[in-house]
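> I'll drop the sequence and a predicted model, then ask my questions.
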Amino acid sequence: FWIISLTPMKPVHCLGIFVISLADRKTLNCSLFLSGFLILCPSLWEISSLLCLSSHAAFVNNRFGKVSRVYIINDIFKIFIGTSTSHLMLGIVYRFLLIEVIIKGIKKCQTNNPVFILDEVDKLASDFRGDPASALLEVLDPEQNHTFSDHYIDVPFNLSSCFFIATANQLEPIPPALRDRLEVLELSGYTLEEKLEIAQRHLLPKALKEHGLDDEKCILGTTTLEKIIGSYTREAGVRNLKREIASVCRGVAVGFAEGEYEEREVGIEDLEEILGPVKYVNEMAQRTDVTGVATGLAWTSVGGDILFIEATKMDGKGGLTLTGKLGDVMKESAQAALSLIRSQADDWGIDTAVFKDHDLHVHVPAGSIPKDGPSAGVTMLTALVSLLTGIKVRADVAMTGEITLRGNVLAVGGIKEKILAAKRAGVKTIIMPERCEKDLVEIPEENIEGMKFIFVKRIEEVLEHALVSPIKGGKKRAKKSSSRSR
C-alpha cells in the first residue's frame, strides 16, 4: 500500500520522502504523519532513534511489504528471536548473528544510513538460550551503537546514522529496557466505512483476479460487502474480511465451472448459502432485556470489543463468586463495586438484608478468553445495582471507567478502540469518565457521527443515565453530567 522512495544521501540533504497511499484516508493520514515526522525531524536520524508502530490490526506489516530501498531484517526475528524451539543458540552467538545481519543489510542497501524495519518486536522470547533484547539494545541504543564492535568484519562500526522502525501488535510483551527506548506511534483499527473502502478498492479486485473472475462475472454490491463486514467478521483489521471475500469468489467460481450461470450478482440472501450461517449477531437488546446485565467496553489485543457483565443472586451467606477467567485487577474491581454498593445501600434503596441472606455471582461470558483491567468497574457496579434494585439497564448504552470506594469514576485507556467497537456493535450512547473527553480529539468526526457521549465524575451519574428508570427510595441526587452528541 505504501510506495516510499528514500534517497541514498544524508537525511539532512534529502529532498523528502514521497508517500503515495492507495488504500484509504486513515492510511494516507498515517503515511503523511510518518513522512513529516522523518522530514521535519532529521536530527532523529543522526541519533539513531527507534520508532515503533503499534497496532492491533495486521496492517502495519502489510503496508511496509513493498518499501523500496529498505532492507527488512525479518529473517532474524523468525529464526533467532521468535518462539521456535528448534534453534538452540547461546546468547553470545545470538549477539554475533544479529550484528552480522545488520552489517549485511547496510551492505545490501549500499548506504551507511538505511532504514531498518524490525518486524514483530513484541514476539521476542527470552530463555536459557539467550536474551534477544540485550542483543537489540547493543544495536539500537543511541548511547551504545555509535562505538560498538562488529563481529562480522571484526572492526568498529558506527550505526548512529541508521534509522530503525519497529512494528508490534502489543506493547506489553516488549522487554521494559527496550520499550523505554521506543518512540511509540499507536495506530487504531479500521471503522466500517474504511473496511468497505478497502474491500472495494483492493480486496475484492485482488480476489477476483486470483480466482479467474472479473467485476462483470461476479458482482458484490455495497450492501453485500457491508453484510460480510458486520455479520461475518469482527476484527480491527481486514484479514478475516479478505478470507470471507475469497470464499465468496470461490463459490461463484465453482458455479462457473459447473456451468450453472455465466455471471452472478451475489446478494445478501446468497451469503448464507456460500458462507454459512451468520457468525456475529447484534444481541445487545436480547442480552440486556433482564435485570442484572450491563454492557461494557473492553480493550483487547486485537482492538476494542464489547462485553456483557451478568449478575445474579441466590440463597446463601453473603458470598461473592466471580467467573469468566477474570484477572486479578478485574476481580478487585468487582470487590470494590460490591463494597461501594453495601456502603451506599440505603441511599440507593437496597435492602441490606440481601447481603446476609444471599450469595452474589458475577459472570463475564466467553469464559475461555482471559480478561483483566480496571475499566469494567462501572459496568460491574451497574449490573449489581440493576440486580438488587430490579431496574433494567438501557439496551443502547455501553460504559467504561474505573471506580473508587468513594464513588468517583476514574479515567481509563483505549478509548478510541472502545468507541470503534461500540459503533461496530450498534451502540448509540457511551458513558465514560469526564477525563476521557480529551481522547475524542483523536477520533475523526465521521467515525463517531450519530453517537452520544455522556461524561461523568460520580457513579450516581452513571446509574442515572444507564438505568431505564430512577432508583426508588434513593436519597441522593446525581450531579448534572455533561454530554455531547455527534
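Yes, it's here.
> can you pull the contacts of E262?
Contacts of E262 were listed using C-beta atoms under 8 Å, 6 or more residues apart in numbering, and they are 217, 256. For every residue, glycine as well, the C-beta is placed using N, CA and C.
> host element of it?
For E262, there is no host helix or strand (DSSP states H and E).
> flag every buried residue along stretch 229-248.
Counting neighbours by 16 or more other C-beta atoms under 10 Å, one finds that the buried residues in stretch 229-248 are 229-238, 241-242, 244-248.
> straight-line length of that stretch, end to end?
The straight-line separation of the ends of stretch 229-248 (C-alpha to C-alpha, to the nearest Å) is 13 Å.
> how far off centre is that stretch?
Relative to its chain's centre, stretch 229-248 lies at 16 Å (C-alpha atoms, centre = their mean, to the nearest Å).
> restricting to C-alpha, output the helix or strand containing I165 in CSV.
With elements taken from DSSP H and E, the one containing I165 is strand 163-168. Output of strand 163-168 as CSV, limited to C-alpha atoms (Å, rounded to 0.1, in the frame of the first residue of the first chain):
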residue,chain,number,x,y,z
PHE,A,163,17.0,4.8,11.4
PHE,A,164,15.1,1.9,12.9
ILE,A,165,11.4,1.3,12.6
ALA,A,166,9.8,-1.4,14.6
THR,A,167,6.3,-2.9,14.3
ALA,A,168,4.3,-4.5,17.2
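> so what strands line up beside that strand?
Counting by DSSP bridges, the strands paired with strand 163-168 are strand 50-55 (parallel), strand 115-118 (parallel).
> flag the shaky bits of the chain, pLDDT-wise.
Flagging of the chain using pLDDT under 70 yields the residue ranges 1-49, 56-100, 125-132, 135, 148-154, 282-288, 300-303, 367-368, 473-486.
> longest strand anywhere in it?
Within the chain, and with DSSP state E defining each element, the longest strand by residue count is strand 303-315.
> check the gap between the residue sitting furthest away from the middle of the chain and I198 for me.
In the chain, the residue that sits farthest from the middle, by C-alpha atoms, centre = their mean, is G259; the gap is 43.8 Å. Taking C-beta to C-beta, to the nearest Å as the measure, G259 and I198 are separated by 33 Å.
> could you do P175 as well?
34 Å.
> ok, now I448?
Shown here: I448 relative to I198, a distance of 20 Å by C-beta to C-beta.
> just P470 next, same as before
Between P470 and I198 the distance is 45 Å, computed by C-beta to C-beta.
> what's the answer for T389, then?
When T389 is compared with I198 (using C-beta to C-beta), they lie 46 Å apart.
> same thing with G349?
With distances defined as C-beta to C-beta, the gap from G349 to I198 amounts to 51 Å.
> and those two? which has more neighbours close in?
Taking neighbours as other C-beta atoms under 10 Å, G349 and I198 compare with I198 leading, 23 against 17.
> rewinding a little: what's the closest of the strands paired with strand 163-168 to P374?
Between P374 and the strands paired with strand 163-168, the shortest gap by C-beta to C-beta is with strand 50-55, which sits at 20.8 Å.
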